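A.B. asks: I'd like to go over a predicted model; first the sequence, then the structure.
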Amino acid sequence: MPAPPPPKPSPRRHHHPAAANPARHHLHIARCFPDQLPKPPSPNPNPNPNPLLSLLTAVPDWADAVSERRIREQRPLYTHEQWREHRSSLRHLRHLLSSFSSRVILSLVPPVSAFTTFAAAVATYNTLVPDYALTASSLPYQLTAPALALLLVFRTEASYARFDEGRKAWMRVLAGAAELAGMVMHRGGDERGDEELGRGALLNYILAFPVALKCHITSNSDIRNDLQGLLSEDDLHVVLSSKHRPRCIIEFISQSLQMLDFEEHRRSVMESKLSYFLEGICVCEQIIGIPVPLSYTRLTSRFLVLWHLTLPIILWTECKWIVVPATFVSAASLFCIEEVGVLIEEPFPMLALDAQCKQLHDSMHDMMSVQDSVRKRLVAKTKARRRTRLPQNGWLSSKAEEVKVD
């Protein structure tokens, strides 16, 4: 009797951990750019800096510290009284008297003092050694002056264009937040207690987004202190642990819209308003991360430096010692224009972001109180109309109403 054939081996099945436990399956996004490793610290830091170098950098360091401290100050929103003061005929005198407290002028102290000192040194040398005086023709200056003027004008215009773009992006964010908050506050009828709490939490998320974006695009911001009154401790912990806090708050808003009981059409409209927030994030991050082309900024700076280094040599034949005040006036004027362009190149420290966030918060709270009072008033009017409405057969219900009609 022949032996039975050996059993066929069963096909080998691959084990998929995700199939065995579907709860562990998560969406995975590949990273095309690995995280950059932190730079190692300098192996041999210099514990004893050069005293001469420290002395030379003392004034620039002081000017930079004053400028950075002024940048961190909160900007107020203008009132009617401030606008009247702004256009007052005495503004020129007021601006002149406040020159020594100006951030722009204080930041000009290092370059202007350096070029004025160099002009005084050139004038001293030409006076002591007249046979070997440093002089040159003024023709190159006459030919290159329009180029320098165009460089400064284009640099300032490019910076103001960035300032205006940042201002418009921020205003779109505030307008989208106000519109979305107004739609959330609109109630169709009586709501349950949990639904009312959910709408209140959603409203706080919406008001928290501009604050988080403000902290994201400005330095030295205390986001915990700014969001502490808007978010609960658990939500605040989630936001602070996130790498991108504005997008984390958008996720809170999006999921809250899905969980709350809204009409489908209304929910779609409200979700479309989140595009204002996403667009604001992209525009603000591009403005912060991409400056005016550095080659343009460096060219303008080098042109200004070479211009004022050779200015006392060019003017010595005609002006003699007047080259010192002439160099001072020229450096103060031209470097001031360039400094204004550099300052407004980063627009967000120049804007009243904190005041606008507070204004949005106060206006939403005022709208909530007005909404409740208006609703109560309209409900009372509706009940009064129902009591005095006509009967079903169309005849007036009393003789008093007949007199009113007559």
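C.D. replies: Looks like it came in fine. Numbers count the residues shown, from 1 in each chain.
A.B. asks: end to end, how far does stretch 218-237 reach?
C.D. replies: The stretch stretch 218-237 measures 21 Å between its terminal residues, going by CA to CA, to the nearest Å.
A.B. asks: Tell me the buried residues in it?
C.D. replies: Within stretch 218-237, the residues that count as buried by 16 or more other CB atoms under 10 Å are 218, 221, 223, 226-227, 230-231, 235-236. Glycine gets a C-beta too; all of them are placed from N, C-alpha and C.
A.B. asks: How about stretch 301-318?
C.D. replies: For stretch 301-318, burial by neighbour count (16+ other CB under 10 Å) applies to 301, 303-304, 307-308, 311-316.
A.B. asks: can you check stretch 176-190 too?
C.D. replies: For stretch 176-190, by 16+ other CB under 10 Å, it's 176-178, 180-181, 184-185.
A.B. asks: can you pull out the helices in the stretch 251-400 of the chain?
C.D. replies: With DSSP state H, counting those that start in this stretch as the criterion, the stretch 251-400 of the chain has helices at 264-272, 274-289, 294-319, 323-345, 353-387, 399-405.
A.B. asks: Quick check: end-to-end length of stretch 284-295?
C.D. replies: Using CA to CA, the two ends of stretch 284-295 sit 22 Å apart.
A.B. asks: Can we start the residue count at 24 from this point?
C.D. replies: Right, with 24 as the first residue, what we last looked at is stretch 307-318.
A.B. asks: Skipping adjacent residues, who's closest to the spatially most central residue of the chain in space?
C.D. replies: In the chain, the residue lying closest to the centroid (CA atoms, centre = their mean) is Phe371, at 3.6 Å. Nearest non-adjacent residue to Phe371, counting by CB to CB, 6 or more residues apart in numbering: Ile240, 5.0 Å away.
A.B. asks: mind checking how far the one you found is from Met206?
C.D. replies: Distance, Ile240 to Met206, by CB to CB, to the nearest Å: 26 Å.
A.B. asks: what residues does stretch 159-171 touch?
C.D. replies: With CB atoms under 8 Å, 6 or more residues apart in numbering as the test, stretch 159-171 has contacts from 326-327, 330, 333-334, 336-338, 341, 357.
A.B. asks: Dump those residues into CSV; add distance to Trp85 and pLDDT as well.
C.D. replies: Putting the contacts of stretch 159-171 into CSV (distance: CB to CB, whole Å; pLDDT from 0 to 100) gives the following:
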residue, distance to Trp85, pLDDT
Phe326, 26, 92
Leu327, 22, 93
Trp330, 26, 92
Thr333, 28, 91
Leu334, 26, 91
Ile336, 30, 91
Ile337, 32, 91
Leu338, 30, 89
Glu341, 36, 88
Leu357, 22, 92
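A.B. asks: Specify which member of the residues you listed is nearest to Pro348.
C.D. replies: Lowest distance from Pro348 to the contacts of stretch 159-171 (CB to CB) belongs to Leu338, with 10.7 Å.
A.B. asks: In contact with the closest one, which residues are there?
C.D. replies: Leu338 sits next to 161, 345-346, 349-350 when contact means CB under 8 Å, 6+ apart.
A.B. asks: Weed out the non-buried ones from those residues.
C.D. replies: With neighbours counted by 16+ other CB under 10 Å, the contacts of Leu338 contain buried members at 346, 349-350.
A.B. asks: will you turn those residues into a markdown table that also has pLDDT?
C.D. replies: Converted to a markdown table, the buried ones among the contacts of Leu338 look like this (pLDDT from 0 to 100):
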| residue | pLDDT |
| --- | --- |
| Val346 | 92 |
| Ala349 | 93 |
| Thr350 | 93 |
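A.B. asks: Of the residues you listed, which is the nearest to Leu113?
C.D. replies: Ala349 (29.7 Å).
A.B. asks: thinking again about what came up before, what two of the buried residues of stretch 199-213 are the furthest from one another?
C.D. replies: Most distant of the buried residues of stretch 199-213, by CB to CB, are Gly199 and Met208, 14.9 Å apart.
A.B. asks: Out of the helices of the stretch 274-423 of the chain, which is the most enclosed?
C.D. replies: helix 346-368 (a mean of 19; mean count of other CB atoms under 10 Å).
A.B. asks: Per-residue confidence, Asn67, what does it come out as?
C.D. replies: Listed pLDDT for Asn67 reads 51.
A.B. asks: again, but for Leu254
C.D. replies: At Leu254, pLDDT is 88.
A.B. asks: these two touch, right, it and Ile229?
C.D. replies: No. Judged on CB atoms under 8 Å, Leu254 makes no contact with Ile229 at a distance of 11.6 Å.
A.B. asks: What about Ala235, how many residues nearby?
C.D. replies: For Ala235, the number of neighbouring residues by other CB atoms under 10 Å comes to 27.
A.B. asks: Correction: the previous question concerned Trp106.
C.D. replies: Neighbour count of Trp106, defined by other CB under 10 Å: 10.
A.B. asks: following the host helix or strand of it, which helix or strand comes up?
C.D. replies: Applying DSSP states H and E as the criterion places Trp106 in helix 103-109. Going down the chain from helix 103-109, the next helix or strand is helix 114-120, by DSSP H and E.
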